[in-house]
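> What follows is a predicted structure for the sequence shown.
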Amino acid sequence: MDWLTVTFPVSGVQTALWLPPLVAFAISFLTSMVGISGAFLLLPFQMSVLHYTTPSVSATNLVFNLVAIPGGVYRYRREGRMVWALTAVLAVGTLPGIAIGYFLRVHYLPDPQTFKLFVAAVLLYIAWRVFAEFLPGKKPAAASANRNLHTDPAGATAAIRTLHVSPARVTFEYQGARYSFSVPGMLSLALLVGIVGGIYGIGGGAIIAPLCITVFRLPVYTVAGAALAATLLTSVVGVLFYSLLPAPADLPTRPDWALGALFGLGGIAGMYLGARLQKYVPQSALKLLVGGFMSLLAVRYVVSAIQEITG
């Protein structure tokens, strides 16, 4: 039906109106359960299926985050499952990283094959950390701390209670178990993730959420909302950078707002529904979902880098 096919003037993408929101809904529904916006999967879709390959695609990906993420954050906040101290630390760490990432993207990495391979190696390591917990004979880390994390509706809706916040450490309670993380450690990690997120237009949540789970041993149920909220804040800054800061001549960096908003319409519905149903999914299944997403993203980067190197 030609009347449903449109051409977006900024990106030059020609597609059916129903395709971007449908794809974004399906991706966001799954990824929002583990604190990932889904932008990292939309990026290869835009590049490979819609043939949108300029640096502007990273900015358009961030526009998707702006529209889609509030639905998931609202749901987590409504249920009291937001660790606001974690959100603040992640945002403070990733914001300068986004700025550095933008500078590297437009000036040094318009076609970054080597960097993609490096990121792929990091992601594969994260995936291994997740999957190793499920190997035969391997006792899950922090199993005793997670003993209260069940998936029945009454227990899963318990609110998160912050117990202690200081420049050194944050401690909170969820379903009768206490968890904590180092503030300097989380800030350092968030800075590195922000750089990667700024380069590829993924907001950082696709990497920071799995690291919170594997490195800091925080339960998925408490990480997802904070990771999405931090991704939303950093995406705002990322869009401003790509829209307002100078870039090399003839290098498109400004977002396609119409295309990004169309993706976002599907994303906001998918994220709200994913956040609502997350509490009914066992944590082991959510961790496997994280590992699967990391593996998928790593393979995508490796294949992309090889294709660019071989021409």
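Received it, and whenever you're ready, just let me know what you need.

> where do the strands sit along the stretch 1-150 of the chain?
5-7, 14-16 (DSSP state E, counting those that start in this stretch).

> okay, these in TSV with mean pLDDT, mean neighbour count and distance to residue 214 next?
Using the backbone N, CA and C atoms, a C-beta is placed for each residue, glycine as well. Putting the strands of the stretch 1-150 of the chain into TSV (pLDDT from 0 to 100; neighbours: other Cβ atoms under 10 Å; distance: least, Cβ to Cβ, whole Å) gives the following:
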stretch	mean pLDDT	mean neighbour count	distance to residue 214
strand 5-7	90	12	42
strand 14-16	93	15	36
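
> can those strands go into JSON lines with extra columns for distance to residue 300?
Output for the strands of the stretch 1-150 of the chain, formatted as JSON lines (distance: least, Cβ to Cβ, whole Å):
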{"stretch": "strand 5-7", "distance to residue 300": "27"}
{"stretch": "strand 14-16", "distance to residue 300": "20"}
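
> closest one to residue 268 among these?
For the strands of the stretch 1-150 of the chain, proximity to residue 268 was assessed by Cβ to Cβ; strand 14-16 is nearest, at 19.2 Å.

> coming back round to it: please identify which of the strands of the stretch 1-150 of the chain is closest to residue 190.
strand 14-16 (34.4 Å).

> Let me see the ranges of the helices in the stretch 1-150 of the chain.
Secondary structure of the stretch 1-150 of the chain (DSSP state H, counting those that start in this stretch): helices at 19-31, 39-48, 56-78, 84-107, 113-132.

> and among those helices, the most buried is which?
Mean neighbour count (mean count of other Cβ atoms under 10 Å) peaks for helix 56-78 among the helices of the stretch 1-150 of the chain, with a mean of 25.

> So which elements touch it?
Where contact means 3 or more Cβ pairs under 8 Å, 6 or more residues apart in numbering; DSSP states H and E, helix 56-78 is packed against helix 19-31, helix 39-48, helix 220-244, helix 257-277.

> Just the mean pLDDT for the longest one, thanks.
Spelled out, it's helix 220-244. Mean pLDDT, helix 220-244: 87.

> now the first one
Per-residue pLDDT over helix 19-31 has a mean of 93.

> Are we agreed that residue 170 is in a strand?
Yes: with DSSP: H, G, I helix; E, B strand; the rest coil as the criterion, residue 170 is part of a strand.

> And for it, the neighbour number?
The tally of other residues near residue 170 (other Cβ atoms under 10 Å) stands at 22.

> swap in residue 258?
Neighbours of residue 258 (other Cβ under 10 Å): 16.

> pLDDT score for the closest residue to it other than its chain neighbours?
Closest residue in space to residue 258, ignoring its immediate chain neighbours: residue 8 at 5.5 Å, by Cβ to Cβ, 6 or more residues apart in numbering. Residue 8 is assigned 92 on the pLDDT scale.

> Quick check: residue 8 touching residue 260?
No: applying Cβ atoms under 8 Å as the test, residue 8 and residue 260 come out as separate, 9.6 Å apart.

> picking up where we left off before, make CSV out of the helices of the stretch 1-150 of the chain and add distance to residue 270.
Shown next, in CSV, are those (distance: least, Cβ to Cβ, whole Å):
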stretch, distance to residue 270
helix 19-31, 3
helix 39-48, 11
helix 56-78, 7
helix 84-107, 21
helix 113-132, 22
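
> just so I know, which of those helices lies nearest residue 161?
Closest among these, once you apply Cβ to Cβ, is helix 84-107, at 11.4 Å.

> got the buried residues for stretch 302-311?
302, 304-305 (16 or more other Cβ atoms under 10 Å).

> Specify which member of those is nearest to residue 228.
residue 304 (25.5 Å).

> The closest residue in space to the closest one that isn't next to it in sequence and residue 298: what is the separation?
Nearest non-adjacent residue to residue 304, counting by Cβ to Cβ, 6+ apart: residue 116, 6.0 Å away. In this view, residue 116 and residue 298 are 10 Å apart by Cβ to Cβ, to the nearest Å.
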